[in-house]
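1. no letters, just coordinates:
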Ligand SMILES: Nc1ncnc2c1ncn2[C@@H]1O[C@H](COP(=O)(O)OP(=O)(O)OP(=O)(O)O)[C@@H](O)[C@H]1O
Ligand SMILES: [Mg+2]
C-alpha cells in the first residue's frame, strides 16, 4: 500500500482525489476553490488552519454532504459528486465514518440502537452485536453500556461510542472534526490512542481536524487547509 | 429500525406528543360517535316499518300521516270510515290490512286500537314479525297487549289492571274507572315505537268513548255488536303484488265514498329522513371542524419539534439517511400518532357504548348497537389518515429542507 502521493497516482490507490473543486454556500458570495489534491489510502493527516479557514467545509465536501459547484471529488475511486443524492448518502453510509464534537449520536436511542442505525442506513447485514463486543474492550467500555440511552453516558463515553459507530461498517475513510474539545487531557489522549488503534485494525484513511496543537504529535503529516483550498470573495476568482 | 426510530423519537417528546394525541382522541371520538349515532338513528328509523306497501288515512300531508300512524307522533289526522277498511279488504290486489285507531293514551303512552291482523302482519326491521315475551294477543274486550318499554317503565306484568284515558296526555280527567283493562300480553322489544304502545281492540276504543252508564248497559245486555267502530285513523296495507301499488294508490286517492289518501311508506320515510339529514350533516360538519383543529395541533407540534430535532436530523444525515428518509420519518411519526389516537378513540367510544347502552335504552329509549364497526366508520378512519397525511406535509417538507442544509459541524 502506498503511503505518499505519487506523480501519476493510480486512481484505485487513492483515498481522496480532488480535481478543480469549487464550492460556495447558498447564503454567501465567497467561493471556496481547491487545488488538485491526492491522498493515498491508509494515510493519516492532521488538517489544520485558523477558524473560518474552511476545515469543516472541506470535510462536508469529502463526506458528500455538501456538493461542489464544480470539479470532481473521488473517494476510493468513486466520483461521489457524480452520484445522485440518495446514492451519495448510501456511499457515505457504507464507506465513510464520521466523528465530530457534537451531532454524533441520537440522544434518545440506546448505544446499541445508535450503532444499529449506522448499519441500517448502510444496508449492511453484519452481526452488529458481535462487532460491538469486539470493539468494547478496545474502547474500554463495559458491556453494561450497550443498552443505556446515550443521554446517560459521560461525554468521554459518548465519544468512544461515536468511534464504535463510525467503524461499524468498516469504513475506508474516517473524517474527524474537533472530537476532543470537550474532553480533558487524559480522556483526550485515551481517545486518540483508541482512534489510532481502530484505524490500524481497519486500514482506514484518517483525516483529522483540530485546533488543538497538542494533538499534532499523533500525526506525521500536517496539512494546512490554506495549502489545499482558498476563499475568494468574487465569483470571477474561480480556478 | 425506522419504526424504532420514530417511536423512540415520539417517546423522547412524550409530553407534547401525549397532548397532541389527547386532542386527536377527543376529536376522533366525537366524529366516530356522531357517525355511529347517525347510522343508528337512520337504521332504527328505517327499522320502524317494513313490508307495508301503502299507508291509508285521511288526506293530511304525507309526512303527517306517516308520523302519526307509524311513529305515533305529531298531530292527529282526521278519521276515515270503517267501511273503507272493508272496501280495501275486498280489493283483489290486497293481501292483508291492519286497521289503526289512535287518539288515546295511558300514562303518557299512546294507545293503539287494532285487531288480530296487527300481530299477524305487522313487520319491522328486516321483515320481522312481532312476538310475545309473555301472554298472547287479546281475546276479551278489555284485554291489552303492551310494548316492552311500557311493561318495563310502568312495571306491568300479566294480569295487571290498568285504566285507559281518552285523549293524549299523561294526566287525564276522563279516566273511566268502570273500564279496567287487563294485561293479556307483553311484546318482545323491537326498538321501534311499538315498544311504547298500548294495544287494545278496536271495540275497546269504542267502549272507552261511551258514557259509563251506557257502557254498563251494553255489557249487561250483552250487545257487544253495538261496539263495532264507525271510524278508524288509518290502515296499513300489504299487497299481493308490488306492481299493483301505484294503481291501487290512484284508486284509493280517487275513492268517491270517503276522503282517503294512500302514501308509499318508503317514499315518505325518505322524505322525512331528508329533513333530519340537514341536522345530521350539520353535526358532521362541526365534528369535522373539530378534527381539523386537532390536525392543526398535530401539524404545529411536529413543526415546533423541528428546532429541537436539528441534532437528530444531522446525525441521521451523517449516518447516510437521505433527506427523503428524514421526510418519511416525519410522515411516519404523524401516522403513528394518528393510529394511536384512532385506536384509543375507537376503544373509548366502544367502551362508552357498551357501558351506556342499557342506560340509554332505559332513559331515552335509544337502542344503540355497541358495535362501532361499520363501513362508514372504516371510511371515516381512512379519511382521518389521509387528512393526517396532508397535515404532516408541511412539517415533513420542513424536515426535508433542514436535512438538505445539514452541515456536519459549524
Ligand atoms: N452554512 C453556512 N452558510 C454560509 N457560510 C458558511 C456556512 N458554514 C460555514 N460558512 C462559512 O464558511 C467559512 C468556513 O467555515 P468552516 O466552518 O469550514 O470553518 P472551520 O475552518 O471549520 O472553522 P472552525 O475552526 O471555527 O471550525 C466561514 O467563513 C463560515 O462563515
Ligand atoms: Mg469547523
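-> Looks like it came in fine. None of the values given here were measured: they were computed from a predicted structure. Ligands and ions are numbered 1, 2, ... in the order given.
2. what residue lies at the spatial centre of chain A?
-> Nearest to the geometric centre of chain A sits residue A:175, at 1.0 Å (C-alpha atoms, centre = their mean).
3. quick check, that residue in a helix?
-> No. Applying DSSP: H, G, I helix; E, B strand; the rest coil, one finds residue A:175 to be strand, outside a helix.
4. what are the ranges of the helices in the chain?
-> Since you didn't name a chain, this refers to chain A. Taking DSSP state H, the helices of chain A run over residues A:55-63, A:85-95, A:111-121, A:128-138, A:155-167, A:185-202, A:225-228.
5. meant chain B actually
-> Ranges of helices within chain B are B:2-12, B:14-47, B:62-69, B:82-90, B:116-121, B:148-154, B:202-208, B:212-221, B:245-253, B:265-308, B:310-318, B:323-364, B:375-405, based on DSSP H.
6. of all the helices of chain A, which one is nearest chain B?
-> Across those, chain B has its closest neighbour in helix A:85-95 (2.4 Å, C-beta to the nearest C-beta). In short, each C-beta sits where N, CA and C put it, glycine included.
7. for that closest one, buried residues please.
-> A:88-95 (16 or more other C-beta atoms under 10 Å in any protein chain shown).
8. average pLDDT for that helix, rounded please.
-> The average pLDDT within helix A:85-95 is 93.
9. so which elements touch it?
-> Under the contact criterion of 3 or more C-beta pairs under 8 Å, 6 or more residues apart in numbering or on different chains; DSSP states H and E, helix A:85-95 touches helix A:111-121, helix B:323-364.
10. which bits of the stretch 51-200 of chain B sit near chain A?
-> Residues of the stretch 51-200 of chain B found near chain A (C-beta under 8 Å from any C-beta of the partner chain): none.
11. so which bits of the stretch 51-200 of chain B are right by ligand 1?
-> Counting by C-beta under 6 Å from any ligand atom, no residue of the stretch 51-200 of chain B lies close to ligand 1.
12. so what does the residue in the stretch 51-200 of chain B positioned nearest to chain A look like in phi/psi?
-> Going by C-beta to the nearest C-beta, chain A is nearest to residue B:191 of the stretch 51-200 of chain B, at 52.3 Å. Note on residue B:191: its backbone torsions stand at phi 70, psi 20 [degrees, to the nearest 10].
13. show me the shaky parts of the chain.
-> Reading this off chain A. Where chain A drops to pLDDT under 70, the residues are A:1-12, A:102-103, A:234-239.
14. my bad, the chain I had in mind was chain B
-> B:165-179, B:361-367, B:409-410.
15. just give me the longest strand of chain A.
-> Longest strand in chain A by number of residues (criterion: DSSP state E): strand A:14-23.
16. what do you get for chain B?
-> Chain B, longest strand under DSSP E: strand B:94-106.
17. flag every buried residue along that one.
-> By neighbour count with 16+ other C-beta under 10 Å, strand B:94-106 contains the buried residues B:94, B:96-106.
18. for that strand, packing partners?
-> Under the contact definition 3+ C-beta pairs under 8 Å, 6+ apart, strand B:94-106 sits against helix B:62-69, helix B:82-90, strand B:109-114, helix B:116-121, strand B:165-166, helix B:202-208, strand B:231-232, strand B:234-239.
19. got the helices of chain A as JSON lines, with distance to residue B:235 columns?
-> What follows is these, written out as JSON lines (distance: least, C-beta to C-beta, whole Å):
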{"stretch": "helix A:55-63", "distance to residue B:235": "88"}
{"stretch": "helix A:85-95", "distance to residue B:235": "76"}
{"stretch": "helix A:111-121", "distance to residue B:235": "76"}
{"stretch": "helix A:128-138", "distance to residue B:235": "82"}
{"stretch": "helix A:155-167", "distance to residue B:235": "85"}
{"stretch": "helix A:185-202", "distance to residue B:235": "96"}
{"stretch": "helix A:225-228", "distance to residue B:235": "101"}
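20. any idea how many residues pack against the residue in the stretch 1-150 of chain B that chain A sits nearest to?
-> Residue of the stretch 1-150 of chain B nearest chain A, by C-beta to the nearest C-beta: residue B:12 (3.5 Å). Using other C-beta atoms under 10 Å in any protein chain shown, residue B:12 has 18 neighbouring residues.
21. what's around residue B:374, how many residues?
-> Counted with other C-beta under 10 Å, residue B:374 comes out at 15.
22. follow-up on the earlier one: and the helices of chain A: which comes nearest residue B:406?
-> Among those, the nearest to residue B:406 by C-beta to C-beta is helix A:55-63 (8.9 Å).
23. returning to that earlier point: point out the most buried one among the helices and strands packed on helix A:85-95.
-> Highest mean neighbour count of the helices and strands packed on helix A:85-95: helix A:111-121, a mean of 22 (counted as mean count of other C-beta atoms under 10 Å in any protein chain shown).
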